[in-house]
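Chemist: generate coordinates for the sequence data below:
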Amino acid sequence: MKRFIPFVPKHPAVSVIRLQGVISSSGRGGLNDAGLAGLIEKAFAKGRPRAVALVINSPGGSPVQSSLIAARIRRLSQEKKLPVHAFVEDVAASGGYWLASAADYIWADETSIVGSIGVISSGFGLEDFIERYGIKRRVYTAGNSKSMLDPFQPENPEDVARLKQLQEQIHQAFIHQITTRRAGKMPEGRDLFTGEIWAGQGAQEVGLIDGIAHLVPKMKDLFGDKVRFNVFSQKRPFLARFGMSLGDAALATLEDRAAFARFGL
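Modeler: Below is the predicted model:
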């Protein structure tokens, strides 16, 4: 009944946004800006929160979607004048750490995996396989680079050089994001942008996180024992409700498992 009594202050609230899974624009249940936009906007506005907490468990994914989501969080944080805390669960690596860097403070468990500030691209070379079975690859393009890195053709050194140039541009954008957001918290003269990963305490020692802490006790420490938590997470109804076929669901699960497996999870 307390909420109906005027002039009686409510207990402070913290909005909790769960960011779980691979970052992808594929539409197969991954984290992306279009799918999260409304949820993030609501978390910053609903219930007059004192802060926003990001609960992150992501091995990374699309650098573009990572950048868009992080930029949205920063923009709303500045507009609403609300501090943002990130809490890493199993992993915040690569794009997952990009998301964490949108927070003003990053906290993790002692066993959380953090880092992997780099860019990766992978594929297969299948030209010998199709030749063995008498399959001929026929590709017709207007533009010399349209068939770049075709897995059914022998690797072209010029294609590889172009790919590395693109990777370097993305890597520099990632580095700029981290050095800007973690300015003054990372040791000078140490290269933390090689793709290396750290567990909790090690991540704190190199300035990638602010400390070892968990969501509830940390927020109680900051806002009192009566703090309320309003949780916001993506709704992922079962298969047909969001138009995902059984095959798509299985593929999405395999992609997620493969991405987390890179970090032993």
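Chemist: only C-alpha atoms for contact and neighbour calcs from this point on.
Modeler: Will do.
Chemist: chain neighbours aside, what residue packs nearest to residue 160?
Modeler: Spatial nearest neighbour of residue 160, excluding adjacent residues (CA to CA, 6 or more residues apart in numbering): residue 149 at 7.4 Å.
Chemist: which residues touch that neighbour?
Modeler: Contacts for residue 149 (CA atoms under 8 Å, 6 or more residues apart in numbering) come out as 155-156, 159-160.
Chemist: likewise for residue 38?
Modeler: So residue 38 contacts nothing (CA under 8 Å, 6+ apart).
Chemist: any idea how far it lies from residue 233?
Modeler: 11 Å (CA to CA, to the nearest Å).
Chemist: just checking, next helix/strand downstream of the one helix or strand residue 91 maps to?
Modeler: Using DSSP states H and E, residue 91 falls within strand 84-93. Counting by DSSP H and E, the next helix or strand C-terminal to strand 84-93 is helix 95-100.
Chemist: what does that next one rub up against?
Modeler: By CA under 8 Å, 6+ apart, helix 95-100 touches 23, 54, 56-63, 66-67, 69-70, 86-88, 92, 106, 114-117, 174, 177-178.
Chemist: counting residues, which helix of the chain comes out longest?
Modeler: Counting by DSSP state H, the longest helix found in the chain is helix 157-181.
Chemist: name the residues of that helix that come out as buried.
Modeler: For helix 157-181, a neighbour-count test (16 or more other CA atoms under 10 Å) marks 167, 170-171, 174-175, 177-178, 181 as buried.
Chemist: looking at those, which gets the smallest pLDDT?
Modeler: Among these, residue 167 has the lowest pLDDT, at 91.
Chemist: which residue, other than its chain neighbours, is closest to that one?
Modeler: Leaving aside its sequence neighbours, residue 167 sits nearest to residue 119 (CA to CA, 6+ apart; 6.1 Å).
Chemist: isn't that neighbour up against residue 170?
Modeler: Yes - using CA atoms under 8 Å, residue 119 is in contact with residue 170, at 7.2 Å.
Chemist: sorry, back to before: and the residue nearest to residue 167, which of the three is it?
Modeler: Three-state call for residue 119 (DSSP: H, G, I helix; E, B strand; the rest coil): coil.
Chemist: check the one 4 residues further on too.
Modeler: Residue 123 carries the three-state label coil when classified by three-state DSSP.
Chemist: so how far is residue 25 from the residue nearest in space to the middle of the chain?
Modeler: The chain has residue 96 as the residue nearest its centroid, 2.8 Å off, counting by CA atoms, centre = their mean. Distance of residue 96 to residue 25, given as CA to CA: 14 Å.
Chemist: over to residue 42?
Modeler: For residue 42 relative to residue 25 (CA to CA), the value is 21 Å.
Chemist: between those two, who's got more neighbours?
Modeler: residue 25 (17 against 14; other CA atoms under 10 Å).
Chemist: find the nearest non-adjacent residue to that one, please.
Modeler: residue 32 (5.6 Å).
Chemist: do the same with residue 137
Modeler: residue 152 (6.8 Å).
Chemist: list the contacts of the one you found.
Modeler: 125-127, 130, 137.
Chemist: among the residues you listed, which are in helices?
Modeler: 127, 130.
Chemist: report the two of the contacts of residue 152 separated the most.
Modeler: 125 and 137 (13.0 Å; CA to CA).
Chemist: what about stretch 223-243, average pLDDT?
Modeler: Mean predicted lDDT for stretch 223-243 stands at 75.
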